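Engineer: structure for the following, please:
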Amino acid sequence: MKPCIIIPVYNHEAAIPQVLAKLKSFGLPTILVNDGSSALCSQILADCVEREPKWLTLINRSENGGKGAAVLDGFKAAQALGFSHAIQIDADGQHDVNDIPAFIEAGREHPDALILGQPLFDKTAPKSRVYGRTIANLWVWINTLSFAIADSMCGFRLYPLAAVAKLAGSTRIARGMDFDIDILVRLYWQGVDVVNRPTAVQYPYDGVSHFKLWQDNVMISKTHAKLFFGMLLRIPQLLGRHRS
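Structural biologist: Numbers count the residues shown, from 1 in each chain. Reported below is the predicted structural model:
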């Protein structure tokens with residue numbers, strides 16, 4: 001197993017240096033994907049990589065394409081660099097990086113599985129986000145005909161890159177905020193097992209959220225609908241998976 005970390009970054013110039021400072025002690029190669037950030041954020045990312053070139057790699061996207069587009073670029077870079085697994089975390093500091101060793105250990109025990117963060121929220125979590133993900137989880141349970149996935153929206157995950165490459169080679173994965181849901185359901189359809197790992201989540205260092213309440217919820221709803229019709233075609237396969 002050869003893991004790395006992928007962090008999509010869009011205008012989190014205040015938070016990302018703190019996140020990287022916490023990550024340094026783990027000694028894991030980290031790929032920063034600058035998703036068309038401002039000049040200030042782009043410069044801060046460049047400065048971070050210049051100071052820590054041994055473990056940081058920077059990919060600059062010319063324009064903002066969305067979280068999914070950034071993470072997918074990170075996956076491609078990780079595979080090109082020879083990594084077998086990638087840990088995805090957010091740039092705003094909401095994830096407890098102290099759980100990274102536990103995610104890696106779970107990946108070693110289940111090398112073909114997706115290790116999925118199951119968030120434990122504190123009082124900083126907006127109620128609207130907590131309730132919203134409950135609805136999202138319900139749709140994911142429907143679209144997989146399974147309760148195997150404890151949480152569908154946590155951005156703290158360890159991906160087996162071979163499975164991701166297989167999926168990306170045959171399917172167009174969502175590029176926006178619906179990415180986390182879309183790739184998760186499609187990997188499950190592909191036969192990838194899920195291991196849920198509880199992890200603390202707080203909101204966030206810099207108070208910056210790029211989640212657009214109406215626009216992104218509409219996009220996520222459309223993705224759920226598309227996945228629902230895809231599930232209907234896969235009912236025999238999904239039920240057969242339970243029996244086996």
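
Engineer: ok, now which ones touch Ala46?
Structural biologist: Neighbouring residues of Ala46 by C-beta atoms under 8 Å, 6 or more residues apart in numbering: Leu58. C-beta coordinates here come from the backbone N, C-alpha and C atoms, glycine included.

Engineer: make sure it is indeed in a strand.
Structural biologist: No: secondary structure of Ala46 (DSSP: H, G, I helix; E, B strand; the rest coil): helix, not part of a strand.

Engineer: from Ser37, how far off is it?
Structural biologist: 11 Å (C-beta to C-beta, to the nearest Å).

Engineer: neighbours around the residue lying closest to Asp182 once chain neighbours are set aside, how many?
Structural biologist: Nearest residue to Asp182 in three dimensions, chain neighbours excluded: Ala174, at 3.8 Å (C-beta to C-beta, 6 or more residues apart in numbering). Residues within reach of Ala174, counting by other C-beta atoms under 10 Å, total 24.

Engineer: gap between Ala174 and Thr144?
Structural biologist: Taking C-beta to C-beta, one finds Ala174 at 16 Å from Thr144.

Engineer: same thing with Asp92?
Structural biologist: 28 Å.

Engineer: out of these two, which sits in the busier spot?
Structural biologist: Asp92 (25 against 21).

Engineer: you'd agree that one is in a strand?
Structural biologist: No: in this structure, Asp92 is coil, not part of a strand, as judged by three-state DSSP.

Engineer: that one reaches Ala15, doesn't it?
Structural biologist: Yes: using C-beta atoms under 8 Å, Asp92 is in contact with Ala15, at 4.9 Å.

Engineer: so which residues of the protein form strands?
Structural biologist: According to DSSP state E, the chain carries its strands in the segments 3-9, 30-35, 56-61, 85-88, 114-121, 157-160, 194-201.

Engineer: what residues does the lengthiest helix in the chain touch?
Structural biologist: If you go by DSSP state H, the chain has its longest helix at helix 213-233. Contacts with helix 213-233, where a contact means C-beta under 8 Å, 6+ apart, come from 128, 132, 136, 139-140, 142-145, 174, 176-178, 181-182, 185-186, 189, 238.

Engineer: send the alpha carbons of that helix over as PDB?
Structural biologist: The C-alpha trace of helix 213-233 is given here as PDB (Å, rounded to 0.1, in the frame of the first residue of the first chain):
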ATOM      1  CA  LEU A 213     -27.700  26.400  -0.600                       C
ATOM      2  CA  TRP A 214     -30.200  26.400  -3.500                       C
ATOM      3  CA  GLN A 215     -27.900  25.900  -6.500                       C
ATOM      4  CA  ASP A 216     -26.000  23.000  -5.000                       C
ATOM      5  CA  ASN A 217     -29.100  21.400  -3.400                       C
ATOM      6  CA  VAL A 218     -30.800  21.400  -6.800                       C
ATOM      7  CA  MET A 219     -27.700  19.900  -8.400                       C
ATOM      8  CA  ILE A 220     -27.500  17.200  -5.700                       C
ATOM      9  CA  SER A 221     -31.200  16.400  -6.100                       C
ATOM     10  CA  LYS A 222     -30.700  15.900  -9.900                       C
ATOM     11  CA  THR A 223     -27.800  13.600  -9.100                       C
ATOM     12  CA  HIS A 224     -30.000  11.600  -6.700                       C
ATOM     13  CA  ALA A 225     -32.600  11.300  -9.400                       C
ATOM     14  CA  LYS A 226     -30.200  10.200 -12.000                       C
ATOM     15  CA  LEU A 227     -28.700   7.600  -9.600                       C
ATOM     16  CA  PHE A 228     -32.300   6.400  -8.800                       C
ATOM     17  CA  PHE A 229     -32.900   5.500 -12.400                       C
ATOM     18  CA  GLY A 230     -29.500   3.800 -12.600                       C
ATOM     19  CA  MET A 231     -30.400   1.800  -9.500                       C
ATOM     20  CA  LEU A 232     -33.600   0.500 -11.100                       C
ATOM     21  CA  LEU A 233     -31.500  -1.000 -13.900                       C
END
